[in-house]
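Peer 1: Just to be clear, the model below is a prediction. Sequence and coordinates:
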Amino acid sequence: MALCGDHKDRELRIHESLEELSTDLADYIAELSEASVKERGVFSIALSGGSLISLMGKLCEAPYNKTVDWGKWYIFWADERVVAKSHADSNYKLAKDNLLSKVPIVPSHVHSINDSVSAEEAADEYKFVIRQSVKSRIVSVSDVSDSPKFDLILLGMGADGHVASLFPDHSVLEEKDEWVAFITNSPKPPPERITFTFPVINSASNVAIVVTGENKAETVHLAIDDVGDDSPLLPARLIQPRKGKLTWFLDKYAASKLDNYQFSE
Ligand SMILES: O=C(O)[C@H](O)[C@@H](O)[C@H](O)[C@H](O)COP(=O)(O)O
């Protein structure tokens with residue numbers, strides 16, 4: 001792995017292969033889980049959809065399946081598509097089939113979105129669920145705002161620079177107050193989604209953005225490097241945890257257009 005710890009609160013972890021990236025990602029999550037359980041007795045983690053879930057697959061294998069304190073995990077979603085939980089587009093289904101059903105997570109600790117109401121109602125209900133989780137200290141609270149402070153929020157990034165369901169030029173990027181927003185016009189199908197907003201993502205203790213593949217190399221460059229004000233402001237670039245730490249997990253292809261970066265074995 002090539003490590004480019006470019007500044008105090010941001011780290012780039014660049015990997016030769018998906019295999020290596022997956023192992024490092026599992027180590028990273030397991031370490032944060034252990035630290036959080038030690039400190040707070042629980043681990044609050046928010047997932048996204050996309051390739052992230054299969055890249056987390058090592059967590060279902062030895063040693064992690066035995067060493068991680070799964071009973072202390074509380075699962076949330078950074079974004080969800082407003083479809084039935086049994087639908088192929090459901091981020092819940094993706095995580096359930098490939099991760100949650102393979103490790104001993106407590107079913108009542110899985111906070112998925114209500115799939116039988118409108119996007120707006122689902123967002124409102126999700127805010128309530130998060131508020132209750134903050135009250136019961138399952139999710140911490142930020143010391144600089146009243147936002148929830150998740151122990152870890154895991155994100156992927158689209159080739160357009162979106163993260164969670166925060167798409168370029170969408171009005172939801174301006175949301176400053178709500179913890180959870182709904183959109184009905186996502187440029188990437190399905191159109192109806194609910195999403196954590198920037199205030200919540202940027203209040204987390206740890207945020208990881210996991211990106212692989214050459215087709216995202218230019219976007220990775222625009223999201224990370226000092227590209228100047230003329231370049232489009234990508235949602236991924238706006239992930240700047242106020243007190244927490246941001247870690248990018250990249251494979252060498254996704255990292256290939258970063259300034260000052262040459263992969264050496
Ligand atoms: O609900 C979603 O659409 C996902 O949460 C989304 O934000 C995903 O993480 C990116 O689109 C990257 O997906 P890939 O890694 O599969 O390209």
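Peer 2: It's in. The structure presented is a predicted model; accordingly, all values stated were derived computationally and were not measured.
Peer 1: per-residue confidence for the residue of the stretch 151-265 of the chain found nearest the ligand?
Peer 2: The stretch 151-265 of the chain approaches the ligand most closely through residue 156 (2.6 Å), counting by C-beta to the nearest ligand atom. Yep, even glycine has a C-beta here, placed from its N, CA and C like the rest. In this prediction, residue 156 carries a pLDDT score of 98.
Peer 1: what about residue 10, distance to residue 172?
Peer 2: Between residue 10 and residue 172 the distance is 24 Å, computed by C-beta to C-beta, to the nearest Å.
Peer 1: Between the two, point out the one with more neighbours.
Peer 2: Here residue 10 and residue 172 are compared on neighbour count by other C-beta atoms under 10 Å; more neighbours surround residue 172, at 20 against 17.
Peer 1: how close does that one get to residue 164?
Peer 2: 10 Å.
Peer 1: can you give me phi and psi for the residue of the stretch 151-265 of the chain closest to the ligand?
Peer 2: Note on residue 156: backbone dihedrals following degrees, to the nearest 10 are phi -100, psi -180.
Peer 1: and what of the one 3 residues further on?
Peer 2: According to degrees, to the nearest 10, the main-chain angles of residue 159 amount to phi -70, psi -20.
Peer 1: So which elements touch the lengthiest helix in the chain?
Peer 2: Assignment by DSSP state H gives helix 18-40 as the longest helix of the chain. With contacts taken as 3 or more C-beta pairs under 8 Å, 6 or more residues apart in numbering; DSSP states H and E, helix 18-40 sits against strand 10-15, strand 43-47, helix 52-55, helix 64-67, strand 152-156, strand 206-211, strand 245-251.
Peer 1: and for that helix, what are the contacting residues?
Peer 2: With C-beta atoms under 8 Å, 6 or more residues apart in numbering as the test, helix 18-40 has contacts from 1, 13, 15, 42-45, 55-59, 64, 67-69, 72-73, 137, 140, 151-152, 154, 205-206, 208, 210, 212, 247, 249-251.
Peer 1: And for residue 196, the neighbour number?
Peer 2: 33.
Peer 1: I meant residue 177, not that one.
Peer 2: 7.
Peer 1: Repeat that for residue 124.
Peer 2: Number of residues near residue 124 (other C-beta under 10 Å) recorded here: 17.
Peer 1: Show the subsequent helix or strand relative to the host helix or strand of it.
Peer 2: Assigned by DSSP states H and E, residue 124 belongs to helix 119-135. Later in the chain than helix 119-135, the nearest helix or strand by DSSP H and E is strand 140-141.
Peer 1: what's next to that following strand, contact-wise?
Peer 2: By C-beta under 8 Å, 6+ apart, the surrounding residues in contact with strand 140-141 are 40, 44, 134, 147-151, 205.
Peer 1: Repeat that for stretch 174-192.
Peer 2: With C-beta under 8 Å, 6+ apart, stretch 174-192 has contacts from 81-83, 89, 119-120, 122-123, 126-127, 130, 147-148, 158, 160, 162, 165, 167, 170, 172, 193-200.
Peer 1: near the ligand, from the residues you listed?
Peer 2: 81, 158, 162, 165 (C-beta under 6 Å from any ligand atom).
Peer 1: Out of the residues you listed, which sit inside strands?
Peer 2: Among these, DSSP state E puts residue 81 in strands.
Peer 1: Dump the ones next to the ligand among the contacts of stretch 174-192 to JSON lines, plus neighbour count and distance to residue 94.
Peer 2: JSON lines is the format used below for those (neighbours: other C-beta atoms under 10 Å; distance: C-beta to C-beta, whole Å):
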{"residue": "81", "neighbour count": "26", "distance to residue 94": "10"}
{"residue": "158", "neighbour count": "19", "distance to residue 94": "16"}
{"residue": "162", "neighbour count": "24", "distance to residue 94": "17"}
{"residue": "165", "neighbour count": "26", "distance to residue 94": "14"}
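Peer 1: Tell me how many other residues crowd the closest residue to residue 51 other than its chain neighbours.
Peer 2: Residue nearest to residue 51 in three dimensions, not counting chain neighbours: residue 156, with 6.2 Å by C-beta to C-beta, 6 or more residues apart in numbering. Residue 156 has 24 neighbours, counted by other C-beta under 10 Å.
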